[in-house]
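1. Got a predicted model here, sequence first, then my questions.
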Amino acid sequence: MQSDPVRPRVAVISYLNTVPLVWGLENGPRRHPFQLDYCLPSEGADRVRAGESDIGILPVIEMARQSLEYVPGVGIACDGPVRSILLVSKVPPGEIRKLAADRGSRSSVMLTRVILSRKFGADPAITVAEPVLEEMLADNDAALVIGDAALQLDPAALPYQTLDLGLEWKEMTGLPMVFAMWCGRRQFITPANGRHFLDSLDYGERHIATIVAGQAARHGLPPDLIHTYLTENVRFRLGDNEYKGMRTYLAYAAALEPALEIK
């Protein structure tokens, strides 16, 4: 992507749960303050690391790994069932030895490791795979499916045990889980840029009915499911309790990844 000296380059996750966050950047009265580049969460983290993007809506695990700054008050979190991060298993969780993980995930992979280790005493070998459930389960005990691919699944209809990892985290810690935030190098996480991201979310929340209708048609999902997901399952406003949950998650992650830098 060619650089613009005026507009920072921003990596945006190409999932449903980012649509309210970027709605104002794309459609609001002050649209296009950044160069937007859509990608998977893992790809966005790599672009920021390589200097190909200046800011990204990045997994919090990558924020810690890269020692990045973040825009306060806004991100992607949950405080209970999240619906879009599912661990689907052919065996009881404590017996998972081989796990296929959606190639787009990093924070969710670490969350899975934390929950399986601390709650179920399991430490599976993890391979990366495309998010096609039956293919993921062909040679593995379990599959981690995230984002839009998880929303396409009906957990109640699956012939496997399915854990919503947002709910598992809440039951284990009593805290919200923060998955992603706007992160970047210090020179790009300015009050002015932060205001753009908060204004964009304000605009998206005011137009949630338009977002739901358009995304239901785009994804072939029931509008009620999308509305519930974007207004109840996912939280975009982060406060003290969310940051307490984030710090707890990163502390647990550091126990599994000792080189992780926790601020």
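-> Great, that's in hand. Residues are numbered from 1 along each chain as shown.
2. By mean pLDDT, flag the weakest helix or strand of this protein.
-> Lowest mean confidence among the helices and strands of the chain (mean pLDDT, DSSP states H and E): helix 41-50, at a mean of 88.
3. Name the residues of that one that are buried.
-> Judged by neighbour count using 16 or more other C-beta atoms under 10 Å, the buried positions of helix 41-50 are 41-48. (Glycine included, C-beta is placed from N, CA and C.)
4. likewise stretch 142-154?
-> Judged by neighbour count using 16+ other C-beta under 10 Å, the buried positions of stretch 142-154 are 142-151, 153.
5. can you redo those as a markdown table with pLDDT, secondary structure and distance to residue 15?
-> Putting these into a markdown table (pLDDT from 0 to 100; DSSP: H, G, I helix; E, B strand; the rest coil; distance: C-beta to C-beta, whole Å) gives the following:
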| residue | pLDDT | secondary structure | distance to residue 15 |
| --- | --- | --- | --- |
| 142 | 98 | strand | 21 |
| 143 | 97 | strand | 18 |
| 144 | 96 | strand | 15 |
| 145 | 95 | strand | 12 |
| 146 | 93 | strand | 8 |
| 147 | 90 | helix | 4 |
| 148 | 90 | helix | 6 |
| 149 | 92 | helix | 9 |
| 150 | 95 | helix | 10 |
| 151 | 95 | helix | 9 |
| 153 | 95 | coil | 15 |
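6. between those residues, which is nearest residue 221?
-> residue 151 (6.1 Å; C-beta to C-beta).
7. separation between residue 158 and residue 165?
-> Distance, residue 158 to residue 165, by C-beta to C-beta, to the nearest Å: 15 Å.
8. Could you check which of those two is surrounded by more residues?
-> For residue 158 versus residue 165, the count of surrounding residues by other C-beta atoms under 10 Å is larger for residue 165: 26 against 12.
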